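1. here's my sequence, what's the structure:
(chains A and B, ligands or ions: 3)
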Amino acid sequence: MRYAETGYNLEIDLSSGNIERVESDPGLTELYLGGLGTNAKLLWDRVPPETEPFSPDNLLIFSAGLLCGTPAPGANRTIISTYSPQTLFMAFSMMGGFFAPELKYAGYDKVIFRGKSPELVYVWINNDKVELRDASHLQGKGAVETETLIRQELGDPNVQVAAIGLAGENRVYMASIEHGRSSASRLGIGAVMGDKKIKAIAVRGTKDLNIARPAEFMEICNEVMEYIPERDGNPVPGVMPILAGLGSPKEMLIHDEKWHTENFMWGNARTRQKNYWTKDVEEKWKETQESVRTRLISCYNCPMKCGAIVSVPGISRYMMKCFSKLTYTMAAYSDLDFGFRIAQRATEYGVDGFSMPQVMAFALELYEAGILTDDDFPGMPSDNEGRFYWLLDRIVRREGIGDVLADGVYWAARKIGNGAEEYDHNTIKKHEQLPLKLSMLNPIYFLMWATGEKINITQIEGNFPQAPFPTMEEKEAFVKDWIHVPDEKFKDYFLKWELRGENSFPYYPTPEATCDIVDWQETMHYIDDSLGMCAGLSSFPLKPPYHIHNFPKLISAATGIDIDKDELWKIAKRNRTLIRAINVRKGLRRADDKPPENHWKKRFPELEEQLLNAYYNLKGFNEDGVPTKESLHDLNMDYISEDFEKRGILKDEQSDEES
Amino acid sequence: MSKVMKKVKTIKIDLEKCNGCRACELICSAYHAEPKYSSNNPARSRIRMIREPLQDVYLPVYAGEYTPAECMGRDKYVIDGKEYEECAFCRASCPSRDAFKEPDSGLPLKCDMCEDEEVPLCVKWCIHDALTYEEREEEVEEEVMVEEIETGLKSLVDKYGFENLVDTVARLSQKEK
Ligand code: SF4
Ligand code: SF4
Ligand code: SF4
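-> Numbers count the residues shown, from 1 in each chain, chains lettered A, B, ... in the order given. Ligands and ions are numbered 1, 2, ... in the order given. Alright, predicted model coming up:
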């Protein structure tokens, strides 16, 4: 019997309509856990680097994490992986909600799509019964609307649906996959789903999911359940409110947006409005938020309430989480009311709330600069908010200039030319980033922005405080119950870290300490993404309920595979290296590992090189950012170095000296 | 007429506090697995979340008695403008619907208040207190029981006739032995 996982994947060939239930190799669980790890293995094995993202040979994988469906609170992530049409590297995006557990109860760990359907379809997975159904009546329908329609059609309120909107159907690079209050938004995976002509996946399951050693497993689950309210009720002093508690940033609960509105950039990641948050704004925004927020809601088996049902008078209800209430607001120099209104339309269209507003602000900048002209915007209204709606409608339909913009800032800038490239100033590896522009280089964030395979800072940062605490007293108070550190040296790094003077940015933490801090944070994210654990209870907040010391016990008790701390660390490193290898095979090299040029005003090229070298060294990459033969061997992935040697990515004699 | 003490177990359900997480369903199914917590399957749960997020409908319902026959009609509640699904508030495991039945066998499920536990598991895992547990002692007259039986029997006599009823009782008692 298999434990924690079902041991079966669903293989769907959309071109032929062939559907198979295939047993997975339990050996892979021991090496890669599940979720992101085993997704990456499938991509490596089955999709050669020459494959275009919109080729029928590209795979689109929906995977439940290893612990999804078990009582481990917060284990509900669906990890979706494919090749990104935008970055041309591996794309992986996670969504919370209820989809992954339902898939497990239906008897599957993954749904693996290949090929391309001739007509728009949706997939109906009802335990052992799986069928492709005509979706022509859903064409052009909103993502949220589609979920409701499918559930009605199937006559079962417990069916869980993940759907694309118009943006995905039209292969817009910012297209997301929406599911209730959650979405997998980044890196254009909605476009791949649209390319394969899958409008939605509906799943219902009523089977058992087994636990290997229940008593041991429940002991940790109960500890976690007890710790959550205790920790959330005692916010960490000295850090901003959204980072003081647990969960993903509680944007739906918190009114105080001083930090975001005054520190993040407005427009096309351009202007900082230092004194924006006045009493008047505060009152108005508070009123807006309270009038539209109907209820705070959770994902499956999680007591945190990071999402909300949003009911804006006159438009249909939708659900929201996190930061998207501000991205449109700030890109358009508007207010929160506008943010909630346009986000409704954007959610129905199914677009990424990070990238889309930036693409629109970018287009308007080009218009003001005269690079794009009235001819490119026929009939566009003159007010800023009207323009955003106008652009949104054009982009998701790929109409006129919308067709160019639908490929995102990087590609649009190159297509438009005429100096437009200059305005592409906030992308990494061709992907839009948070609108942040700061002063002094932060070595930890430098490495995370530069090297993160996810290309999204919130998916890399986490357990280590973002800034030093001002006094020794506060620092000591913080480290007192900091049992989460993988090693005592992290406490030392933190205690010595100062706001000013010798032990401050950019030379402190030292490159070595910086690498350790990045390594820890990154490792936790890779563990979460394989387990399907929400980062909000693990890798994202300070002092979370899950950490490197209780995860091994939890995983061992759930699966019956005995894993200790070192082994778990190694698995995370293996998964991280595997994804790097996939991207290296797609052409990724050191030159790509860099943050936006203007992310910090004060840059230190020499130090940055030093940081990158130290990081590569720790990760077992050579100085070009390519995993070395030795490190691949240590991680039981000789198959990668063999492939690299065949392709001339690694030379036989050279690789010996790299690490 | 003698008086007896009866323990009344109550779960108070506050719909406003529910965040729709379904932890109650999950943990109920795990607790009732054989051996305990060895498997998970909300479809086996004795509490059922009726969840329609876009309608803001969040309604946990507990499994009550099994009924061999469905009601003559169905009810549909609208409360504060929210329309609840048909028979939403009914706790019966009933032939008219799938709720509160084992997924494979179709055998009825019934909430047993987690017999051996101090606090029912669903309540324990609902940390926002949408579900809270109360216990109290109530004094009841034994007589009431007899009266109830009489009323019930009378209605059966009316429906099936005295003879039929006696025959059936005799047959049932035969089986019990
Ligand atoms: S912490 Fe928030 S985002 Fe994470 S699982 Fe819980 S409700 Fe969902
Ligand atoms: S555990 Fe509580 S909050 Fe969660 S669904 Fe059940 S009743 Fe609602
Ligand atoms: S009281 Fe126990 S048996 Fe009843 S629904 Fe709750 S967990 Fe299930």
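2. isn't A:Asn426 up against A:Ala413?
-> No: judged on C-beta atoms under 8 Å, A:Asn426 makes no contact with A:Ala413 at a distance of 11.2 Å. Every C-beta, even on glycine, is put in place using the N, C-alpha and C of the backbone.
3. how about A:Met1: what's its closest non-neighbour residue?
-> A:Asn210 (6.0 Å; C-beta to C-beta, 6 or more residues apart in numbering or on different chains).
4. tell me the contacts of that neighbour?
-> A:Met1, A:Arg2, A:Tyr3, A:Ala4, B:Ser38, B:Ser39 (C-beta atoms under 8 Å, 6 or more residues apart in numbering or on different chains).
5. repeat the analysis, applying 10 Å as the threshold.
-> Applying C-beta atoms under 10 Å, 6 or more residues apart in numbering or on different chains, we find A:Asn210 in contact with A:1-7, A:70, A:558-560, B:33, B:38-41.
6. from these, which land in strands?
-> The strands, defined by DSSP state E, take in B:Ser39, B:Asn40 from the contacts of A:Asn210.
7. ok, the closest residue in space to A:Asp634 that isn't next to it in sequence - contacts?
-> Excluding the flanking residues, the one nearest A:Asp634 by C-beta to C-beta, 6+ apart is A:Gly620, at 7.2 Å. By C-beta under 10 Å, 6+ apart, the contact set of A:Gly620 is A:573, A:576-577, A:580, A:627-635, A:658-659.
8. out of those, which is most surrounded?
-> A:Pro627 (28 neighbours; other C-beta atoms under 10 Å in any protein chain shown).
9. report the next helix or strand after the helix or strand containing A:Phe338 in sequence order.
-> Here A:Phe338 sits within helix A:336-349, counting by DSSP states H and E. Scanning forward in sequence from helix A:336-349 by DSSP H and E, the next helix or strand is helix A:355-368.
10. quick check: buried residues in that next one?
-> A:355-367 (16 or more other C-beta atoms under 10 Å in any protein chain shown).
11. over to stretch A:417-424?
-> Within stretch A:417-424, the residues scored as buried using 16+ other C-beta under 10 Å are A:Ala420, A:Tyr423, A:Asp424.
12. just those now: which is nearest A:Ser176?
-> A:Asp424 (21.4 Å; C-beta to C-beta).
13. next, count neighbours for the residue lying closest to A:Lys496 once chain neighbours are set aside.
-> Once flanking residues are discounted, A:Lys496 sits nearest to A:Asn503: 5.3 Å by C-beta to C-beta, 6+ apart. Residues contacting A:Asn503 under the criterion other C-beta under 10 Å number 16.
14. got a PyMOL select line for the buried ones in the contacts of A:Asn210?
-> Remark: buried members of the contacts of A:Asn210, expressed as a PyMOL selection using 16+ other C-beta under 10 Å:
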select buried, (chain A and resi 2+3+4+5+6+7+70+558+559) or (chain B and resi 33+38+39+40+41)
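15. which members of the contacts of A:Asn210 are positioned in helices?
-> A:Ala558, A:Thr559 (DSSP state H).
16. so which of the contacts of A:Asn210 sits lowest on pLDDT?
-> Here the lowest pLDDT out of these sits on A:Met1, with 92.
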